[in-house]
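K.L.:
pasted the sequence and its predicted model underneath.
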Amino acid sequence: MAKWGTDLPFLLKILSVAATLSIQVHPNKELARMLHMMQPNVYKDPNHKPEMAIALTEFKALCGFVIMEEFKDILIGVPEIAELVNGILALISKQKNHLEAENKITRLSEREQLALLMEKQYHPDVGVLAAFFLNYVKLSPGEALYIGPNEHHAYISGECIECMSASDMLCE
């Protein structure tokens, strides 16, 4: 009480992720303050929300954009991504058919398997393509992932302890 009063500087959550969660981005401190001032009914507090996920079981997530070299490989290996400008919803359907057919011939990469899983859960949602644009992370129990401000991320599966800056949970 002497150090923090009634406001803890962090929020601790235990998460059990059974299906891929939506892609999120939390603002930095300066932007959080500005958004709260502009729209306090939407952004309930001025806090930034950097977070850390500590795996309790095998934990999978997408976090941050892939580097350009990896993205170039994705464009070569997954031609549908290169066709992105020609219509996203048609692309997802085509990609699903391609991966399902490819899966009958050869074993798909974990990233390709993830794209099929996300398409099954969220078909025709463009967020399915995040499997190719964001880093795919697998944590073993005890390992942790830091997610800084303005970093795109989505939890895919597993159990974790999530620790983040204190916030009003209604704004998430």
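P.N.:
Yep, it's here. Residues are numbered from 1 along each chain as shown.
K.L.:
the most centrally placed residue in the chain in helix, strand or coil?
P.N.:
For the chain, the residue nearest the mean C-alpha position is A154 (1.7 Å; C-alpha atoms, centre = their mean). Under DSSP: H, G, I helix; E, B strand; the rest coil, the three-state class of A154 is strand.
K.L.:
gap between it and N47?
P.N.:
Between A154 and N47 the computed distance is 21 Å (C-beta to C-beta, to the nearest Å). Where C-beta positions appear, they are placed from N, C-alpha and C, glycine not excepted.
K.L.:
quick one, strands of this structure?
P.N.:
Using DSSP state E, the strands assigned to the chain run over residues 10-17, 51-55, 59-65, 134-139, 144-147, 153-165.
K.L.:
measure how the last one sits relative to strand 59-65, angle-wise.
P.N.:
Spelled out, it's strand 153-165. Angle of strand 153-165 versus strand 59-65, following axes from the mean of the first three to the mean of the last three C-alpha atoms, to 10 degrees, is 90 degrees.
K.L.:
can you check the first one too?
P.N.:
Taking the same axes, to 10 degrees, strand 10-17 and strand 59-65 form an angle of 120 degrees between their directions.
K.L.:
in strand 10-17, which residues are buried?
P.N.:
Buried residues in strand 10-17, counted by 16 or more other C-beta atoms under 10 Å: L11, V17.
K.L.:
contact partners of that strand?
P.N.:
Here strand 10-17 makes contact (C-beta atoms under 8 Å, 6 or more residues apart in numbering) with 53, 56, 59, 155-167, 169.
K.L.:
just the buried subset of those residues, please.
P.N.:
Neighbour-count burial (16+ other C-beta under 10 Å) applied to these gives 53, 56, 59, 155-160, 162, 164-165, 167.
K.L.:
how about low-confidence regions in the protein?
P.N.:
Where the chain drops to pLDDT under 70, the residues are 85-87, 167-172.
K.L.:
go with 50
P.N.:
85, 169-172 (pLDDT under 50).
K.L.:
quick one: the helices in it?
P.N.:
Taking DSSP state H as the criterion, the chain contains helices spanning 29-38, 68-77, 79-82, 88-105, 110-122, 130-133.
K.L.:
just name the most buried of the ones you listed.
P.N.:
With neighbours taken as mean count of other C-beta atoms under 10 Å, these reach their highest mean count in helix 130-133, at a mean of 22.
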